[in-house]
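> Could you look at this predicted model? Sequence included:
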Amino acid sequence: MSDVYAQPTAAAQPATTGDLGQYTTLRLGGQAGRLVTATSAEEITARVREAGKEILLLAGGSNVVIGDVGFPGTVVLVRSRGVRVLAEDGQTVTVRVEAGEPWDDLVAATVRNGWSGLECLSGIPGSTGATPIQNVGAYGQEVAETITEVQVYDRVAGALDRVAATDCGFAYRSSVFRRSERWVVLSVDFRLARSPLSGPVRYAELARALGVGVGDRVPLAQARSTVLRLRAGKGMVLDAADPDTRSVGSFFTNPVLDGAAYELLRRRAADIGEPPAWPGAADVVKISAAWLIDKAGFGKGYPGPEGVAISSKHTLALTNPTGTASTQALITLAREIRDGVHARFGVTLHPEPVLVNCTL
C-alpha cells in the first residue's frame, strides 16, 4: 500500500495550485503563499535556503493539520526518492532512504528483500523523512530501534550535518526534530536484520491475530499482511473509497502519567472498570487515549460540525469524510473531545499531528 499524495508533482517547479488541502490526507488547509517542489536532498536544501524563515515542508501530508488561513510563506513539497544499500554482512544490512520516499513502499521493499525490523510498521501513510521526527511506532515496533543516523540540513549553522541515533532524543512519539524549525531531514539510515522472520511479536492484539504467542516470530510477509488487515479494519490505511481514512490517523497520543496521576484516574474510573495501561520506566504509566475518549462519551461515529466526525472504525481518528469541511470544524470537535475527557477523568489529551496556523 503506497503513500498517497493527493496531487503528486515531479519537478522542482512551482506547483499548479496553492490549495494545501490537496496535499494533506485530511483534505484540509488554506492557500500557500508560494508552492514549490523538490526532488532531491540538494533541491530541498536549496529551496529551504531560498525561502528564508517562513517555510513549511510537506511530504505525504499525513500527520499535519493546516489552518483555514493556509500558510503565507513558501511550502516545499518534498518529493525526493531513493533507497540504497550502504553496508551489509551476513546478519545485517544498512540502507539510506531519501526523505520523500513513501514509507510503506520502503516497508514493502524490506519485506520482499528479507530484511527484518520494519514489518510491523506496514500501512502507515507518509514519508520516510517524517518517521524520525515523531519516532513513528505501531504494533510493538518503533523506528528508533533501527535508525542509525539522520542526515539533515541545519538551518542555524547553514550546513549539512549527520545526527547519530544516540543524539536524536528518541522518546514516545518524539525526538529532537519534533516541532523544531532548526533541522530539515534529508535522508535516514536504517540497520535491519537479514532474516525471513519478523522481530519478536510484542503487541498482544497482533499476536492474537497471527495465532502466536507474544515473543514469537512469524514470516515477514505474514506479519505485514496481518498488520495491514488490522490497520484497514480501523480505517488506518489510506483508501480513496473509505471516507474514514480522510484523517491523520491517531489524532491524540496516549497520555503518559506519573504514579499519582494514574491513581487519580483509577479512582475516577472506578465505576466503569480498570483503564487499559502499560507501565513504563521511572514510575510512569501509558494510558489508552481511545479508551478515555470512548468512556467519556465520544464513541465511534460521534459527529462534529460541518460533517466532521470521529471515525466509525476507531475512536482515535478524527475524519473529514465529505472532504468539504473546514479546519476550524475539525479543531472544534477535537477541543470538545479533549475538554470532555479532562472533565470526566482529569487527564489532558495532546494532539499527535503537527498543527500549522491553527491551535487546539
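Here it is on my side, so go on.

> residue ranges with poor pLDDT in the stretch 1-150 of the chain?
Applying pLDDT under 70 to the stretch 1-150 of the chain flags residues 1-17.

> Report the mean confidence score over stretch 220-238.
Stretch 220-238 shows a mean pLDDT of 96 in the predicted model.

> Report all helices and strands that the strand ranked longest in the chain contacts.
Longest among the strand segments of the chain by residue count, using DSSP state E, is strand 183-194. In terms of contact count using 3 or more CB pairs under 8 Å, 6 or more residues apart in numbering; DSSP states H and E, strand 183-194 is assigned the packing partners helix 41-51, strand 92-98, strand 115-116, strand 147-154, strand 159-164. Just so you know, the C-beta spots here come from the backbone N, C-alpha and C atoms, and that holds for glycine as well.

> Now do that strand: distance to the chain's middle.
For strand 183-194, the gap between its own C-alpha mean and the chain's C-alpha mean amounts to 16 Å (CA atoms, centre = their mean, to the nearest Å).

> before we move on, what about stretch 127-140?
6 Å.

> just to revisit the earlier point, strand partners (parallel or antiparallel) of the longest strand of the chain?
The strands that strand 183-194 pairs with in its sheet are strand 92-98 (antiparallel), strand 115-116 (antiparallel), strand 147-154 (antiparallel) (by DSSP bridges).

> And those strands: which comes nearest L57?
Taking CB to CB, strand 147-154 is the member of those nearest to L57, at 10.4 Å.

> buried residues in that closest one?
Buried residues in strand 147-154, defined by neighbour count with 16 or more other CB atoms under 10 Å: 147-153.

> Same question for stretch 91-107.
92-107.

> What is the end-to-end distance of it?
This stretch, stretch 91-107, spans 18 Å end to end (CA to CA, to the nearest Å).

> For T324, which of the strands paired with strand 183-194 is the nearest?
Taking CB to CB as the measure, these were each checked against T324, and strand 92-98 came out nearest at 34.1 Å.

> With just CA atoms, put the closest one into PDB.
What follows is strand 92-98, C-alpha atoms only, in PDB (Å, rounded to 0.1, in the frame of the first residue of the first chain):
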ATOM      1  CA  THR A  92      22.500  -7.000   8.800                       C
ATOM      2  CA  VAL A  93      22.000  -4.500   6.000                       C
ATOM      3  CA  THR A  94      22.200  -0.700   6.400                       C
ATOM      4  CA  VAL A  95      20.200   1.300   3.900                       C
ATOM      5  CA  ARG A  96      19.900   5.100   3.300                       C
ATOM      6  CA  VAL A  97      16.400   6.300   2.300                       C
ATOM      7  CA  GLU A  98      15.600   9.700   0.900                       C
END
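
> Now do the following helix or strand past it: everything it contacts.
Following the chain from strand 92-98 toward its C-terminal end, the next helix or strand by DSSP states H and E is helix 103-112. For helix 103-112, contacts defined as CB atoms under 8 Å, 6 or more residues apart in numbering pick out 1-3, 60, 83, 97, 116-119, 121-128, 130-131, 136, 192, 220-221, 224.

> Could you turn the buried ones of these into a PyMOL selection?
This is the PyMOL syntax for the buried subset of these, where burial follows 16+ other CB under 10 Å:
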select buried, resi 1+3+60+83+97+116+117+118+119+121+122+123+124+125+126+127+128+130+131+136+192+220+224
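
> Can you redo the strands paired with strand 183-194 as a markdown table, where the extra columns are distance to K300?
Output for the strands paired with strand 183-194, formatted as a markdown table (distance: least, CB to CB, whole Å):
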| stretch | distance to K300 |
| --- | --- |
| strand 92-98 | 35 |
| strand 115-116 | 34 |
| strand 147-154 | 34 |
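
> Between these, which one is closest to G73.
Taking CB to CB as the criterion, strand 147-154 is the member of the strands paired with strand 183-194 that comes nearest to G73, at 17.0 Å.
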